[in-house]
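**Student:** Show me the folded form of this:
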Amino acid sequence: MDTIYLISSVSCALMLTCDIFVLVHPQLSLKKYLIFFFSFSALFYIQMYFTFYPMLFVTLAVNSVLLAKFTEKLYYVFYVPLGYIVNCISLNLFGLALNLLLDISVKELNADKLLLILYTIPVIAASCSVLYLVRRLFQKYLMDTFETMNKKLLIFIALTLLLCAFMVFIMASFFDNIDITHREYLLMVSSLILYFLFTVSMISIVLHAAIQNYEARKKVEYLENLNEYTRNLELVYDRLRSFKHDYVNIMASLAAYIDEKKYDELEIFFHEHILPMQKDLTQKNGALNNLLHVRILELKSILYAKLLLAVNQDIEVNIDIPDEIDSIHMDPVDLTRMLGIFLDNAMEACLETEHPLLNFHLGKMNQDTVFIISNTFTDKGLSVAQMYKKDVTTKGAGHGIGLSSVSEILNRYDNIYHETSITDGLFIQQVQIS
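**Tutor:** From the prediction side, this is the model:
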């Protein structure tokens with residue numbers, strides 16, 4: 001009997017470790033997968049040896065917390081119970097098939113060591129396939145919602161799935177040691193599936209409300225960017241009107257210096273007043289002219305707001321947008337969040353240097369769209385890999401989440417190549433979107 005318990009616990013541990021691999025790869029090292037495997041094995045063995053069913057709560061909860069801690073993503077806390085439920089349903093579906101085709105009962109299946117081992121392989125294959133589809137759906141439709149979701153709501157979903165996992169286990173275990181007819185077996189498996197679908201439908205209602213809340217926040221963020229864009233436009237045109245108003249006075253001042261042949265004073269006046277004004281207007285008009293090639297309003301608004309802010313902070317800004325940009329294969333909100341973080345970081349970094357410089361390039365390469373942001377910076381000893389870790393920063397408390405947020409955004413796309421490099425004293429971010 002001890003051997004059966006050991007095989008069963010190892011089989012369950014292997015299935016759940018494979019589930020975690022499918023759901024979170026490549027975010028964990030091999031060492032951490034081994035920790036999960038041995039943790040599941042030990043806890044499931046204790047549960048089976050002492051026939052203590054509530055131990056399942058402890059097993060799933062402990063490993064859920066471990067997964068959230070290892071990945072530093074709280075929403076991963078419900079991946080373990082979800083995997084367990086899918087495994088349990090897959091196990092019983094294959095058990096039903098064996099019962100109908102070969103007339104093998106649950107009691108006989110649980111007592112056959114070889115069959116238990118062979119039985120694990122198709123269950124892992126089925127469960128991993130289902131969970132891979134779940135992962136793709138999460139990445140496409142729900143990841144943004146999970147990342148911004150209230151912690152209490154995430155914990156509620158996790159507890160709901162834990163309860164569902166326990167109930168599915170209890171319902172299935174009730175028939176482990178008794179002989180039941182084909183019809184009763186079919187009803188039992190159907191009950192498991194229906195209970196799981198009911199739980200999923202309840203969670204879906206909660207997620208739908210969370211998605212609506214997220215969409216509302218996205219619209220607010222978009223309107224804020226648009227509002228910032230409008231304010232900066234008004235600022236530029238106000239300055240242009242002011243310059244036009246002062247033009248006559250400036251010309252009169254120049255004429256007075258020339259008439260009185262005060263050429264030394266004229267040179268000082270020109271360098272202290274006329275040249276800075278010309279440089280300021282040239283940079284701002286250059287920004288406006290280059291952004292005419294950008295036809296995407298969300299993109300134009302964030303670029304204008306950030307680049308004009310850089311100009312106003314006396315940063316030397318070079319903007320190169322040679323091509324017409326009318327479409328980009330990336331969610332507009334993700335795009336503006338990514339560029340906003342990159343440009344904010346570039347401005348903060350170059351302002352710490354003696355000669356602040358920010359270069360921005362946006363263009364086409366075949367069918368791809370390429371962004372290149374480079375800036376001067378002060379080397380503070382952080383490697384590129386460290387910069388992308390959450391809470392790693394040289395800016396003090398409350399910082400260190402920007403680049404990790406970008407990393408999470410980019411991980412959701414298969415059509416984006418991103419490279420961070422340091423060349424000739426410049427910190428360079430390059431993003432290529434196909």
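**Student:** Show me what counts as buried in stretch 361-373.
**Tutor:** Neighbour-count burial for stretch 361-373 flags 362, 363, 369, 370, 371, 372, 373 (criterion: 16 or more other Cβ atoms under 10 Å). Every C-beta, even on glycine, is put in place using the N, C-alpha and C of the backbone.
**Student:** Could you do stretch 30-40 as well?
**Tutor:** 32, 33, 35, 36, 37, 39, 40.
**Student:** what about residue 104, helix or strand, and which?
**Tutor:** Taking DSSP states H and E as the definition, residue 104 sits outside all helices and strands.
**Student:** distance of the residue nearest to it when sequence neighbours are not counted from residue 67?
**Tutor:** Spatial nearest neighbour of residue 104, chain neighbours left out: residue 98 (4.5 Å); criterion: Cβ to Cβ, 6 or more residues apart in numbering. As for residue 98, its distance to residue 67 is 32 Å (criterion: Cβ to Cβ, to the nearest Å).
**Student:** So the two - more neighbours on which side?
**Tutor:** residue 67 (23 against 17; other Cβ atoms under 10 Å).
**Student:** Go ahead and confirm that one touches residue 78.
**Tutor:** No - with contacts counted by Cβ atoms under 8 Å, residue 67 stays clear of residue 78, the gap being 9.6 Å.
**Student:** just the strands in the stretch 301-434 of the chain please.
**Tutor:** Under the criterion DSSP state E, counting those that start in this stretch, the stretch 301-434 of the chain contains strands at 316-320, 357-365, 368-376, 416-423, 426-433.
**Student:** which one of those strands lies closest to residue 185?
**Tutor:** strand 416-423 (48.1 Å; Cβ to Cβ).
**Student:** Next, the angle from the closest one to strand 368-376.
**Tutor:** 30 degrees (axes from the mean of the first three to the mean of the last three Cα atoms, to 10 degrees).
**Student:** Going by neighbour count, list what's buried in strand 416-423.
**Tutor:** Those would be 416, 418, 420, for strand 416-423 by 16+ other Cβ under 10 Å.
**Student:** closest to residue 213 among those residues?
**Tutor:** Residue 213 has its nearest neighbour among those in residue 416, at 26.6 Å by Cβ to Cβ.
**Student:** isn't residue 365 right next to residue 434, touching?
**Tutor:** No - contact criterion Cβ under 8 Å: residue 365 and residue 434 do not qualify, at 9.4 Å.
**Student:** Skipping its backbone neighbours, what lies nearest residue 302 in space?
**Tutor:** Nearest residue to residue 302, sequence neighbours excluded (Cβ to Cβ, 6+ apart): residue 336, at 4.5 Å.
**Student:** Would you confirm that that neighbour contacts residue 299?
**Tutor:** Yes - using Cβ under 8 Å, residue 336 is in contact with residue 299, at 7.0 Å.
**Student:** hmm, back to that, how far away is the residue nearest to residue 104 from residue 119?
**Tutor:** For residue 98, the distance to residue 119 - Cβ to Cβ - is 8 Å.
**Student:** Need the residues touching each of the two.
**Tutor:** Contact with both residue 98 and residue 119 is made by residues residue 109, according to Cβ atoms under 8 Å, 6 or more residues apart in numbering.
**Student:** So what touches stretch 29-44?
**Tutor:** Contacts to stretch 29-44, defined as Cβ under 8 Å, 6+ apart, come from residues 8-10, 12-14, 16-17, 20-21, 55, 58-59, 62-63, 66-67, 70.
**Student:** can I get the CA coordinates of it in CSV?
**Tutor:** Written as CSV, here are the backbone C-alpha positions of stretch 29-44 (Å, rounded to 0.1, in the frame of the first residue of the first chain):
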residue,chain,number,x,y,z
SER,A,29,14.9,28.0,-13.0
LEU,A,30,15.3,24.2,-13.0
LYS,A,31,16.1,24.3,-9.3
LYS,A,32,12.7,25.9,-8.5
TYR,A,33,10.8,23.2,-10.5
LEU,A,34,12.6,20.6,-8.4
ILE,A,35,11.5,22.4,-5.3
PHE,A,36,7.9,22.2,-6.5
PHE,A,37,8.2,18.5,-7.4
PHE,A,38,9.5,17.5,-4.0
SER,A,39,7.1,19.7,-2.2
PHE,A,40,4.1,18.3,-4.0
SER,A,41,5.4,14.7,-3.6
ALA,A,42,5.9,15.0,0.2
LEU,A,43,2.6,16.8,0.9
PHE,A,44,0.5,14.4,-1.3
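**Student:** Would you quantify the distance from the residue of the chain most remote from its centre to residue 272?
**Tutor:** Using Cα atoms, centre = their mean, the residue of the chain lying farthest from its centre is residue 260. It sits 66.9 Å away. Residue 260 sits 18 Å away from residue 272, going by Cβ to Cβ.
**Student:** now residue 250
**Tutor:** 13 Å.
**Student:** Ok, residue 2 next?
**Tutor:** 91 Å.
**Student:** And for residue 380?
**Tutor:** On the measure of Cβ to Cβ, residue 380 and residue 272 end up 36 Å apart.
**Student:** go on, residue 91?
**Tutor:** From residue 91 to residue 272 the distance is 82 Å (Cβ to Cβ).
**Student:** Name the residue in those two with the higher neighbour count.
**Tutor:** Counted by other Cβ under 10 Å, residue 91 and residue 272 do not tie: residue 91 has more neighbours, with 23 against 9.
**Student:** The more buried one: what's it in contact with?
**Tutor:** Contacts for residue 91 (Cβ under 8 Å, 6+ apart) come out as 119, 123, 172.
**Student:** out of these, who's nearest residue 411?
**Tutor:** Nearest member of the contacts of residue 91 to residue 411, counting by Cβ to Cβ, is residue 123, at 28.7 Å.
**Student:** Pull out the buried positions in stretch 99-112.
**Tutor:** Those buried within stretch 99-112 under the rule 16+ other Cβ under 10 Å are 99, 105, 106, 109.
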